[in-house]
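**Q** Below is the structure, and that's it, no one-letter string:
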């Protein structure tokens, strides 16, 4: 039952951002068409390559809008707003893991460094986890994902000598967990 529950929650957490992005882009394209269609009607050409000129202008306008938004996003003020919003979102279960996963795919080193794949040694077994942070008292905060769904797990505090960093990306470690450990021989030397 837990597997079904965590898989549904993991799927939902994965799908919701995609649906939101699709809805926002769809709405933005509709708005751009309202502006671009009258402009396209004034041009002597009705279509280019079978696509209405109004639609092409709308897509071009949307791309230009996204480019300008990207320039604004790189500003110092936008960075401050993003960081404060990001810290509020960390309270949502699974957000930090999803953020770390997507940032490891896109190559964002700042967030990827906050979820480092590690091998945690317990008394009679070891487990792949993700180092979240190191505390001043010498303890390491580790997120231990469940298998086969790394979207749910538990947080443990262990001494630093029980944690060994792995030379894996977040995506590679998550893939190993989803495959129930199959393929571990590829990093076997690291877990000795």
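**A** Thanks, I have it. Since we're looking at a predicted model, the values are computed, not measured.
**Q** can you tell me the distance between the two ends of stretch 65-83?
**A** End-to-end distance for stretch 65-83: 23 Å, by Cα to Cα, to the nearest Å.
**Q** Could you list the low-pLDDT ranges of the chain?
**A** Residues of the chain that meet the criterion pLDDT under 70 lie in 40, 44-52, 86-114, 188, 190-192.
**Q** For it, which segments count as strands?
**A** Applying DSSP state E to the chain gives strands spanning 47-48, 51-52, 116-121, 126-134, 139-145, 153-159, 163-165.
**Q** what's the most buried one of the ones you listed?
**A** Highest mean neighbour count among the strands of the chain (mean count of other Cβ atoms under 10 Å): strand 116-121, with a mean of 20. Every residue, glycine included, has its C-beta placed from N, CA and C.
**Q** Counting by contacts, list what that one packs against.
**A** When contacts are defined as 3 or more Cβ pairs under 8 Å, 6 or more residues apart in numbering; DSSP states H and E, strand 116-121 sits against strand 126-134, strand 139-145, strand 163-165, helix 170-178.
**Q** Residue 148 is in contact with residue 174, correct?
**A** No: applying Cβ atoms under 8 Å, one finds residue 174 not in contact with residue 148, separated by 10.3 Å.
**Q** These two - which one has more neighbours?
**A** Set residue 174 next to residue 148 and count neighbours by other Cβ atoms under 10 Å: residue 174 wins out with 23 against 14.
**Q** Excluding chain neighbours, what is closest to that one?
**A** Nearest residue to residue 174 in three dimensions, chain neighbours excluded: residue 150, at 4.8 Å (Cβ to Cβ, 6 or more residues apart in numbering).
**Q** next one: residue 153
**A** Setting aside the residues directly before and after it, residue 153 is nearest to residue 145 in space (Cβ to Cβ, 6+ apart), at 4.0 Å.
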